[in-house]
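> I'd like to go over a predicted model; first the sequence, then the structure.
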Amino acid sequence: MKREDILIEMLSGEKRRVRLLLPEQVKDGEKVPVLYMFDGQNLFEKEDAFGGVTWGVQEALKALLERKDAVPMAVVGIDNAKENRLDEYGPWPFTVENHSSAGEGDIFAKDFIERILPLLEKEYPLKTEREYRALAGSSMGGLMTAYIGAKYPEMFGTLGVFSLASWVSEEPFLEMLETEGEFQNARIFLQVGTEEEREAEGKVEYEHSQTYIDNSMRFLKKALKKGASLEDLVIKIGAGKTHNEGAWASYMEEFIQFVQKPYLQKE
């Protein structure tokens, strides 16, 4: 596998880093399955990752390939907007506790689907069929993943929703899922921990942690109501798992295998 970074121009004019993990060699005319992920800073390099811990995506895929438990695929991580991350990943405006968002997520989602994906698929040998495209994110990135999955059901066959932070906009989120959401034939990997919220000294905020679990289950119920099937769902409630990259990394091998299951069965 090889790593490559490019810069793309966002609607604001800002240059944004996109991080790619690609198979070492791809035959002429061949295209590979692809997993798109949010918060690209946290995927590969420790020096760029929050808290110096990555999702371990490269390590997980490498281990699976060595065991022949996976096939070569691309992973594409688009960096977040740093101090404007909540504005970009928040589909609706909110001010909750010490968090706020201008609610520009619908603009970002539309641009991601209509401009950024085609740009990347033109430049790199990435499959464009729905079943070979997956999308994943955590926390607010998980909210954006669920939002895009519901609003653009024709784009991604598999969704990875980790530590869903829909509590910041729970009411409009559920309303959108009810009125506009569509999950027909969608495959969903839903993960949440029992200790999502911890104070700096390590004390667990169990009430807020339970909110993450409750909201994840509400999302699950809406997805099932709007076309998803139990056979295409994996739900992981991690005992002791918290809201950080180390927790999400612990699911990476299992998640990649879930992503690849449909086309491995075909082959």
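Right, received. Where do you want to start? Numbering: from 1, shown residues only.

> hey, where'd the strands end up in the stretch 1-150 of the chain?
2-9, 15-22, 34-37, 74-78, 94-96, 99-101, 133-138 (DSSP state E, counting those that start in this stretch).

> I'd assumed Thr128 was in contact with Glu121.
Yes: using Cβ atoms under 8 Å, Glu121 makes contact with Thr128 at a distance of 5.4 Å. Quick note: C-beta positions are derived from backbone N, CA and C, even for glycine.

> For the two, indicate the residue with more neighbours.
Each of Glu121 and Thr128 has its neighbours counted (other Cβ atoms under 10 Å); Glu121 has more, 16 against 13.

> residue contacts, the more buried one?
When contacts are counted by Cβ atoms under 8 Å, 6 or more residues apart in numbering, Glu121 touches Thr128.

> got a pLDDT number for it?
Looking at Glu121, its pLDDT is 97.

> Could you do Thr242 as well?
94.

> okay, now it: neighbour count?
Neighbours of Thr242 using other Cβ under 10 Å come to 17.

> And the one 4 residues further on, by the same measure?
The criterion is other Cβ under 10 Å. On that basis, Gly246 has 13 neighbouring residues.

> now do Asp28
Other residues close to Asp28 by other Cβ under 10 Å number 5.

> out of all of them, which helix in this structure is the longest?
helix 206-225 (DSSP state H).

> so after it, what's the next helix or strand?
Heading C-terminal from helix 206-225, the first helix or strand you meet, by DSSP states H and E, is strand 233-238.

> Which neighbouring elements make contact with that next one?
strand 187-193, helix 206-225, helix 252-266 (3 or more Cβ pairs under 8 Å, 6 or more residues apart in numbering; DSSP states H and E).

> angle of it against strand 187-193?
If you take axes from the mean of the first three to the mean of the last three Cα atoms, to 10 degrees, strand 233-238 sits at 10 degrees to strand 187-193.

> Going forward, the N-terminal residue is numbered 32.
Done: numbering now begins at 32, and the last item shifts to strand 264-269.

> re earlier: mind putting the helices and strands packed on strand 264-269 in CSV, mean pLDDT included?
Below are these laid out as CSV (pLDDT from 0 to 100):
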stretch, mean pLDDT
strand 218-224, 98
helix 237-256, 96
helix 283-297, 91
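
> For these, could you give me TSV that also reports distance to Ser131 and mean neighbour count?
Listed next are those as TSV, based on distance: least, Cβ to Cβ, whole Å; neighbours: other Cβ atoms under 10 Å:
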stretch	distance to Ser131	mean neighbour count
strand 218-224	23	24
helix 237-256	17	17
helix 283-297	30	17
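
> between these, which one is nearest to Val88?
Nearest to Val88 among the helices and strands packed on strand 264-269 is helix 283-297; the distance by Cβ to Cβ comes to 5.9 Å.

> can you pull the pLDDT of Glu298?
pLDDT at Glu298 comes out at 60.

> rewinding a little: Glu276: which of the helices and strands packed on strand 264-269 is closest?
Nearest of the helices and strands packed on strand 264-269 (Cβ to Cβ): helix 283-297, 10.3 Å.

> show me the contacts for Lys77.
83-85.

> picking up where we left off before, ok, and what's touching the longest helix of the chain?
177, 192, 194-198, 201, 204-205, 208-209, 212, 214, 217, 219, 221, 223-228, 261, 264, 266, 268, 274.

> Repeat that for stretch 222-236.
Under Cβ under 8 Å, 6+ apart, the answer for stretch 222-236 is 191-195, 237, 239-240, 243-244, 247, 266-274, 278-279, 282, 286.

> what's the first-to-last distance across it?
18 Å (Cα to Cα, to the nearest Å).

> Give me the buried stretch members for it, please.
By neighbour count with 16 or more other Cβ atoms under 10 Å, stretch 222-236 contains the buried residues 222-229.

> With stretch 39-57 instead?
So, applying 16+ other Cβ under 10 Å, buried residues of stretch 39-57: 39, 41, 47, 49-54.
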